[in-house]
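Peer 1: okay, structure incoming, though there's no sequence with it:
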């Protein structure tokens, strides 16, 4: 079996090397049809081993693509653009060698500057030579020369990275679409894309007129057309028409989050938080689409953040905390999201209910439990005399000390789990709050603050209280750098600890991710 990768080009000299390199391991030949480049595209393509032809029609992409595949000799035709790269060429070749499909869909992924996909959708790019021909000047589409045959939908990826200087492409695409509509008066596809192109160029009235013509007798892109109409009406300040168009998009294709999310955003901006929250709950029930357009924006942290903000306004802090937590998990380096989560945690008082939830998750996750065990293992050799373990959590230090042990926490669940699982015969676990004065009334040989200081806003005050209770030693562990949403201070340096605990002995534990500080108090 042989495979021909077919391309059409116009002034692509800088992009061709990476595109052609991505076809290595897939292509037996690369066919390039140039459409009138004024740079070194033709020379570069030939130097990279492509079979190059000239004279392509730049104003008719279907004609040019069809001519390129006419020059192909492979059993399979694979379509690639110069601003794209095939992510797994060897894997795709192996698939084509074994499939009985007539054509194959891949996932086209538009990549941002951080090399992350922002928009993805499936598109037919591979077929048995002669089975399909392209149609239309712009937004060309393959149509079968006979029957459709068997189609395979795959997750092989073409990564799309256009250069920044593509402003010229807006007018170029518009001109071809206007020709497509004139030449194909009964076709729906060119009409939709022409309306969308008017929208891209902020020609709002033309966009609305064209898209309204399309939705009178819609085809595959009806929901997207209503979405575009909503954007146009919004740009013109027609809020009522914008909302109506978004509801029409929801009705036309309820299985995509975009329109539900945009509706929710509108209601949120107007202070209708209950309506916005309800729409967002609906949107979150919708999984990422298998084949349609997938905007990462509505499947990442944003939708959870927006719902959390609605719930804040509705004073539903428990629900809001959970959504804010998910948003932070999806974007752990976003400081605004982390701050929002702390606000929710503050509203909940960082109370026992909050820590009950945290510790339930910890004991159900063996990996997290092992990390806490490693901290307890590192602390135990430094203990002298009786132990007061403040913020003891699930009490894993108790099993590693021999003398009297008292663990204090304000999570009922954590303490019950500790009592049920400890092997220390005389360990006591006490429900208490470090903000409560009764915790500090008795002195112990060693006071331990393990994984505590990063959670408090005034660690100096907490350390001062702990010192008064420590007859021999104060032991502290804190993260070196851990973007946990519940941490007030997520990163600690050696200098931070030396300032807080002058003269302490420092070492790193558990793979270098935490500091262990031991201060002599005698």
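Peer 2: Here it is on my side, so go on. As the structure is a computational prediction, the values presented were derived from the model and not from experiment.

Peer 1: residue 236 touches residue 203, doesn't it?
Peer 2: No: judged on CB atoms under 8 Å, residue 236 makes no contact with residue 203 at a distance of 11.5 Å. Placement of C-beta: from N, CA and C, glycine included.

Peer 1: need the contact list for residue 422.
Peer 2: Residues in contact with residue 422 (CB atoms under 8 Å, 6 or more residues apart in numbering) are 395, 398-399, 429.

Peer 1: helix, strand or coil: sort out residue 287 for me.
Peer 2: Per DSSP: H, G, I helix; E, B strand; the rest coil, the secondary structure class of residue 287 is coil.

Peer 1: just the helices in the stretch 201-350 of the chain please.
Peer 2: 204-216, 222-235, 239-252, 257-269, 273-284, 301-313, 317-330, 335-347 (DSSP state H, counting those that start in this stretch).

Peer 1: packing partners for the shortest one?
Peer 2: The one in question is helix 273-284. Counting contacts by 3 or more CB pairs under 8 Å, 6 or more residues apart in numbering; DSSP states H and E, helix 273-284 packs against helix 257-269, helix 301-313.

Peer 1: per-residue pLDDT, residue 454?
Peer 2: Residue 454 is assigned 88 on the pLDDT scale.

Peer 1: my bad, residue 393
Peer 2: 90.

Peer 1: quickly find the element holding the residue lying closest to it once chain neighbours are set aside.
Peer 2: What sits nearest to residue 393 in space, not counting adjacent residues and going by CB to CB, 6 or more residues apart in numbering, is residue 414, at 5.2 Å. Applying DSSP states H and E as the criterion places residue 414 in helix 412-421.

Peer 1: cool, residue 31 as well?
Peer 2: Going by DSSP H and E, residue 31 is part of strand 29-34.

Peer 1: chain center to the helix or strand following that strand: distance?
Peer 2: Counting by DSSP H and E, the element after strand 29-34 in chain order, helix or strand, is helix 41-47. Distance of helix 41-47 from the chain centroid (CA atoms, centre = their mean, to the nearest Å) equals 38 Å.

Peer 1: helices and strands around the helix or strand that comes right after helix 41-47, which ones?
Peer 2: Using DSSP H and E, the helix or strand that follows helix 41-47 towards the C-terminus is strand 51-53. Other elements packing on strand 51-53 under the criterion 3+ CB pairs under 8 Å, 6+ apart are strand 29-34, helix 41-47.

Peer 1: got the contact list for residue 217?
Peer 2: residue 188.

Peer 1: can you do 10 Å?
Peer 2: 186, 188, 191 (CB atoms under 10 Å, 6 or more residues apart in numbering).

Peer 1: give me the buried subset of those residues.
Peer 2: Among the contacts of residue 217, those classed as buried by 16 or more other CB atoms under 10 Å are 188, 191.

Peer 1: save the contacts of residue 217 as a markdown table, and put in pLDDT and distance to residue 230 too.
Peer 2: A markdown table is the format used below for the contacts of residue 217 (pLDDT from 0 to 100; distance: CB to CB, whole Å):
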| residue | pLDDT | distance to residue 230 |
| --- | --- | --- |
| 186 | 88 | 26 |
| 188 | 94 | 19 |
| 191 | 96 | 18 |
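
Peer 1: need the contacts of residue 217 in JSON lines with distance to residue 149, can you?
Peer 2: Formatted as JSON lines, these follow (distance: CB to CB, whole Å):
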{"residue": "186", "distance to residue 149": "26"}
{"residue": "188", "distance to residue 149": "24"}
{"residue": "191", "distance to residue 149": "28"}
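
Peer 1: pLDDT weak spots in the stretch 351-500 of the chain?
Peer 2: 351-354, 435-439, 485-486 (pLDDT under 70).

Peer 1: can you pull out the strands in it?
Peer 2: Under the criterion DSSP state E, counting those that start in this stretch, the stretch 351-500 of the chain carries strands at the ranges 387-390, 405-409, 428-431, 444-450, 470-479.

Peer 1: using JSON lines, lay out those strands together with mean neighbour count.
Peer 2: What follows is the strands of the stretch 351-500 of the chain, written out as JSON lines (neighbours: other CB atoms under 10 Å):
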{"stretch": "strand 387-390", "mean neighbour count": "26"}
{"stretch": "strand 405-409", "mean neighbour count": "24"}
{"stretch": "strand 428-431", "mean neighbour count": "16"}
{"stretch": "strand 444-450", "mean neighbour count": "24"}
{"stretch": "strand 470-479", "mean neighbour count": "22"}
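
Peer 1: of all these, which one comes closest to residue 135?
Peer 2: strand 470-479 (58.6 Å; CB to CB).

Peer 1: that closest one packs against which elements?
Peer 2: Using 3 or more CB pairs under 10 Å, 6 or more residues apart in numbering; DSSP states H and E, the elements in contact with strand 470-479 are helix 366-379, strand 387-390, strand 444-450, helix 459-469, helix 494-500, strand 514-520.

Peer 1: out of the ones you listed, the one nearest residue 258 is which?
Peer 2: Using CB to CB, those put helix 366-379 closest to residue 258, at 35.1 Å.

Peer 1: between the closest one and strand 470-479, how many degrees?
Peer 2: Angle, helix 366-379 to strand 470-479, by axes from the mean of the first three to the mean of the last three CA atoms, to 10 degrees: 140 degrees.
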